[in-house]
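A.B. asks: Task: produce atomic coordinates for the following.
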Amino acid sequence: MGGNVLVLAQHETPEEGALAFASELARRLGATLVIAEHADESLCPAGSRGHRDVALQDTATYAHLEWLRQGVSAISPHVRTQVLRGEMPDVLSDALSSADILVAIDPEAGADARRRSRMLALEAAWRAGVPALALPARWPRPDARWLLLAYDGSPTCRTAFPLAAELARASGWRIVLLQVIPVETVRLPRRPEVTEILRQLREAVLRELSAEAAALSREGIEVSARVMVGSPASSIVRAAGLLRAAMVVLGSCGRAFGVGETPGSVAMAVFLRSPVPCLLMPPHRPLRR
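C.D. replies: Modelled structure (predicted):
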C-alpha cells in the first residue's frame with residue numbers, strides 16, 4: 001500500500017498496546033506511521049504575567065511526540081511526528097490530505113470520551129474520503145486471527161473488499177464475510193411456516209455470499225461466509241466479540257445529514273460500539289497507491 005497511516009494522539013498518551021498495533025499495521029502495509037498531536041492553545045500553561053506560554057507548550061508537545069516515536073521506532077522503521085496547530089477539525093482536515101488511513105485510539109476516560117474521540121475521527125475522515133480506524137485503548141489480543149468483513153449486498157459495501165484483502169494478506173488473517181438479514185426474530189410468530197421461510201431466506205443469502213467469498217479467496221486468502229438474522233449493527237458487534245476478531249472492516253454508502261454527509265446508521269453504530277479495532281471505508285475516494 002505505502003502512503004501514510006495517521007495516528008491522532010490528541011492530549012492523552014495512547015495506550016502502548018494500541019499504538020504498537022497501529023505501528024505494526026503500518027509496517028505490514030509498507031506505510032509511514034505519522035503520530036500527530038493537536039497543540040491546543042487553550043491548554044497552554046500561564047506564564048509569569050498570566051499570558052499563555054505557547055513556546056512552553058510547543059516544547060512539551062514535541063517532547064511528548066518524540067517519546068511516542070521512540071517507543072514504536074523498533075516496530076515500524078518509518079515513523080514521523082506532526083504537530084497540528086489551529087482550530088479542530090480544520091487542522092485535522094489539512095493533515096488528512098496526505099493520509100491514507102486515520103487511526104483514533106480510544107481514551108481511557110470512559111464511554112462518553114470514547115464516543116467523542118471516535119466521532120471526531122469519523123467525521124474528519126469521512127469528509128476527506130479517508131478510511132477511519134478506531135482502536136480500543138487496550139488492544140490487541142495476541143491470538144486474534146480473524147478479520148470480520150461486514151457486507152450488506154450493496155456495491156458500495158464492496159468498496160471495502162480490496163483494503164480488507166490487503167490487510168488480511170499483510171497480517172496473515174483469515175476473513176469471515178458476514179451478512180446480516182435484518183429481521184427481528186423475537187417479533188415473529190413461532191410457527192413452522194415462518195421458520196421455514198427464514199431457513200429458505202438464509203440459504204439463499206448464504207449461496208450469494210459464498211460466491212462473494214469464493215471471489216475473495218481467489219486472491220490467496222482464506223475466506224468463509226456466515227449469515228446472521230437480527231439487528232445488523234448489534235449482530236456485527238456481537239460477532240466481532242464472539243470471534244475475537246482482529247478487526248472489523250465495513251463500507252458505507254453514506255446519507256445526507258444537514259449540510260453534509262455522514263455514514264449510514266449501521267456503519268456508524270458499529271464504528272462507535274465495536275469492542276475490537278473497526279475500520280470504516282468511505283465511498284468517496286479509493287485508497288491511494
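A.B. asks: List phi and psi for R114.
C.D. replies: With angles defined as degrees, to the nearest 10, R114 shows backbone torsions of phi -60, psi -40.
A.B. asks: Over to A134?
C.D. replies: Residue torsions, per degrees, to the nearest 10, at A134 are phi -90, psi 130.
A.B. asks: Determine the number of other residues adjacent to it.
C.D. replies: 26 (other C-beta atoms under 10 Å). C-betas here are computed from N, CA, C, even on glycine.
A.B. asks: what residues are up against it?
C.D. replies: The neighbours of A134, taking C-beta atoms under 8 Å, 6 or more residues apart in numbering as the test, are A104, D106, R118, A121, L122, F271, L272, S274, P277, C278, L279.
A.B. asks: partners of it in the sheet?
C.D. replies: A104, C278 (DSSP bridges).
A.B. asks: Switch the contacts of A134 over to TSV; also include pLDDT, distance to V227 and neighbour count.
C.D. replies: Below are these laid out as TSV (pLDDT from 0 to 100; distance: C-beta to C-beta, whole Å; neighbours: other C-beta atoms under 10 Å):
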residue	pLDDT	distance to V227	neighbour count
A104	90	31	27
D106	89	30	22
R118	90	28	22
A121	88	31	27
L122	89	27	22
F271	95	22	24
L272	94	24	17
S274	94	20	25
P277	95	23	25
C278	96	21	27
L279	96	22	26
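A.B. asks: So which of these is the closest to V7?
C.D. replies: A104 (8.2 Å; C-beta to C-beta).
A.B. asks: Provide a list of residues in contact with that closest one.
C.D. replies: So A104 contacts L8, S117, R118, L120, A121, L122, A132, L133, A134, L135 (C-beta under 8 Å, 6+ apart).
A.B. asks: Can you add distance to I197 and give these back as TSV?
C.D. replies: TSV is the format used below for those (distance: C-beta to C-beta, whole Å):
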residue	distance to I197
L8	47
S117	43
R118	38
L120	43
A121	41
L122	37
A132	38
L133	38
A134	37
L135	41
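A.B. asks: Restricted to strands, list these.
C.D. replies: Among those, the members found in strands (DSSP state E) are L8, A132, L133, A134, L135.
A.B. asks: Distance to T156 and pLDDT added to those, as CSV?
C.D. replies: What follows is those, written out as CSV (distance: C-beta to C-beta, whole Å; pLDDT from 0 to 100):
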residue, distance to T156, pLDDT
L8, 26, 86
A132, 16, 94
L133, 19, 95
A134, 20, 94
L135, 24, 92
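A.B. asks: give me the number of residues near L242?
C.D. replies: Neighbours around L242, by other C-beta under 10 Å: 9.
A.B. asks: Can you report the mean pLDDT over the residues of whatever helix or strand L25 lives in?
C.D. replies: Following DSSP states H and E, one finds L25 within helix 16-28. Across helix 16-28, pLDDT averages out at 89.
A.B. asks: Pull out the buried residues from it.
C.D. replies: G17, A18, L19, A20, F21, A22, S23, E24, L25, A26, R27, R28 (16 or more other C-beta atoms under 10 Å).
A.B. asks: How far does that helix sit from its chain's centre?
C.D. replies: 13 Å (C-alpha atoms, centre = their mean, to the nearest Å).
A.B. asks: can you check stretch 121-130 too?
C.D. replies: On C-alpha atoms, centre = their mean, the centre of stretch 121-130 falls 11 Å from that of its chain.
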